[in-house]
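Colleague: only the shape, not the letters, is given here:
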Ligand SMILES: C[S@@+](CC[C@H](N)C(=O)[O-])C[C@H]1O[C@@H](n2cnc3c(N)ncnc32)[C@H](O)[C@@H]1O
């Protein structure tokens, strides 16, 4: 499996946690709608897990979303675009249908992370291997685009919203 499973062939399930050094510079979040049941650290003030099914719940406030990857990922990105306030972590596969539907013309900025991050196991250990692929952060809402600019995590590309989307800007 390649990046459709997650970023690397060795990352065969969804339980790969965002490195704290990526989360910390982005500031605090109100909700992580797709968090592990047992987690070594909080990613937001509130969390939904697969037991809640985060997609079926109302979302609130500033959302952090490192979604389950593969075919499920687009559902989470669509929800982020509709919600309009938060930051998502996804593979930097800029040519994909998901990127065209949910990032280009829908988001406010995308940050291309410098290097390949090492994700963490649910017990907090850092993987020995890196993501094996490029990773980006996608900001929905102007304040989240500003947070990407301040973070120092990589190069930020502002995105002009497509006029036809009619998305609200809650950020
Ligand atoms: C790539 S991990 C990211 C975890 C965490 N958000 C982070 O940034 O460190 C994706 C998480 O989504 C969870 N998940 C999978 N399906 C879910 C669902 N329907 N509702 C909520 N969480 C789900 C998985 O258990 C996994 O912990």
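Modeller: In hand now; what should we look at? As the structure is a prediction and not an experimental result, all values here were calculated from the model. Residues are numbered from 1 along each chain as shown.
Colleague: show me which residues of the chain are close to the ligand?
Modeller: 14-18, 32, 34-36, 43, 48-50, 53-55, 66, 68 (C-beta under 6 Å from any ligand atom). Backbone N, C-alpha and C define where each C-beta goes, glycine included.
Colleague: drop anything exposed from those.
Modeller: 14-18, 32, 34-36, 43, 48, 54-55, 66, 68 (16 or more other C-beta atoms under 10 Å).
Colleague: just the buried residues of the helix or strand harbouring residue 76, please?
Modeller: Residue 76 is located in helix 73-83, with elements delineated by DSSP states H and E. For helix 73-83, the buried set under the neighbour-count rule, 16+ other C-beta under 10 Å, comprises 73-74, 76-77, 79-81, 83.
Colleague: could you give the mean pLDDT of stretch 103-111?
Modeller: The average pLDDT within stretch 103-111 is 97.
Colleague: that stretch: end-to-end distance?
Modeller: Stretch 103-111 has its terminal residues 11 Å apart, counting by C-alpha to C-alpha, to the nearest Å.
Colleague: also stretch 46-53?
Modeller: 14 Å.
Colleague: strands of the protein, start to end?
Modeller: 31-32, 46-47, 63-65, 86-91, 109-113, 135-140, 154-158 (DSSP state E).
Colleague: how about low-confidence regions in this structure?
Modeller: 1-12, 163-171 (pLDDT under 70).
Colleague: my guess is residue 151 contacts residue 112. True?
Modeller: No - taking contacts as C-beta atoms under 8 Å, residue 151 lies outside contact range of residue 112: 12.0 Å.
Colleague: of the two, who's got more company?
Modeller: Comparing residue 151 with residue 112 by neighbour count (other C-beta atoms under 10 Å), the higher total belongs to residue 151, at 19 against 15.
Colleague: can you name the residues that contact the more buried one?
Modeller: By C-beta atoms under 8 Å, 6 or more residues apart in numbering, the contact set of residue 151 is 25-26, 111, 137.
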